[in-house]
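> Only the shape, not the letters, is given here:
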């Protein structure tokens, strides 16, 4: 048996929500990440857009997106998360979200090109980050927006990496420059970067940009 579980093995939705809602550290990290993501998505999302969300998990951003655009297509690798998300959408009477299975680096079975793509906490667990970014860019129309997150190579990021290793998952860490360069090589012109976490170095790098071409 390998020491590491597969990075796409998934999480228990109830425990996931318990940690980020009830545990003070988890709640504080989520609040800072959410503020950064909202700040970067809000200026570029539009009421008539069709947005692709990769890795919606329990729907932390899904319903928020659905209230700000015409249609959201969500793709997640975890059947448990998808079932949880569908139930949550039904309880909230959200009808403009389509839920599909799939995982990066893909390819993903999608319909046409999207006006924007959001991927939060997904690239953490992808072995081939460059291939995953190319898949995201290929799903965007020219000029379409992308907001993605990557783990920060900081003290806080290293603590997070250690915790994931103890949980038998492996992740990579990036400096802001490394994260920006990877997006730009994939075809995203990065125009804004935020760092979110409990410390100055943060645990998450949030990047926003537009597809070139």
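Structure's in. What do you need? Bear in mind the structure is a predicted one, so any value in this text is a computation, not a measurement.
> who does the longest strand anywhere in the chain touch, helix- and strand-wise?
Looking across the chain with DSSP state E, the single longest strand is strand 140-151. Secondary-structure packing of strand 140-151 (3 or more Cβ pairs under 8 Å, 6 or more residues apart in numbering; DSSP states H and E): helix 24-41, strand 114-119, helix 129-138, helix 155-166, helix 176-186, strand 204-211. C-beta coordinates here come from the backbone N, C-alpha and C atoms, glycine included.
> ok but residue 52 is inside a helix, no?
No: per DSSP: H, G, I helix; E, B strand; the rest coil, residue 52 lies outside any helix segment and is strand.
> Could you count how many residues lie near it?
For residue 52, the neighbour count with other Cβ atoms under 10 Å is 26.
> Same question for the one 4 residues further on.
Neighbouring residues of residue 56 were enumerated by other Cβ under 10 Å; the total is 30.
> now residue 120
Neighbours of residue 120 under the rule other Cβ under 10 Å: 23.
> so who does it touch?
33, 37, 55, 60, 61, 147, 148, 149 (Cβ atoms under 8 Å, 6 or more residues apart in numbering).
> Determine which two of the residues you listed are furthest apart.
Maximum pairwise distance in those, criterion Cβ to Cβ, is 15.0 Å, between 60 and 148.
> Those two - which one has more neighbours?
More crowded of residue 60 and residue 148, by other Cβ under 10 Å: residue 148, with 29 against 18.
> any idea how far residue 172 is from the spatially closest residue to the more buried one that is not a sequence neighbour?
Nearest residue to residue 148 in three dimensions, chain neighbours excluded: residue 119, at 4.5 Å (Cβ to Cβ, 6 or more residues apart in numbering). According to Cβ to Cβ, to the nearest Å, residue 119 and residue 172 sit 15 Å apart.
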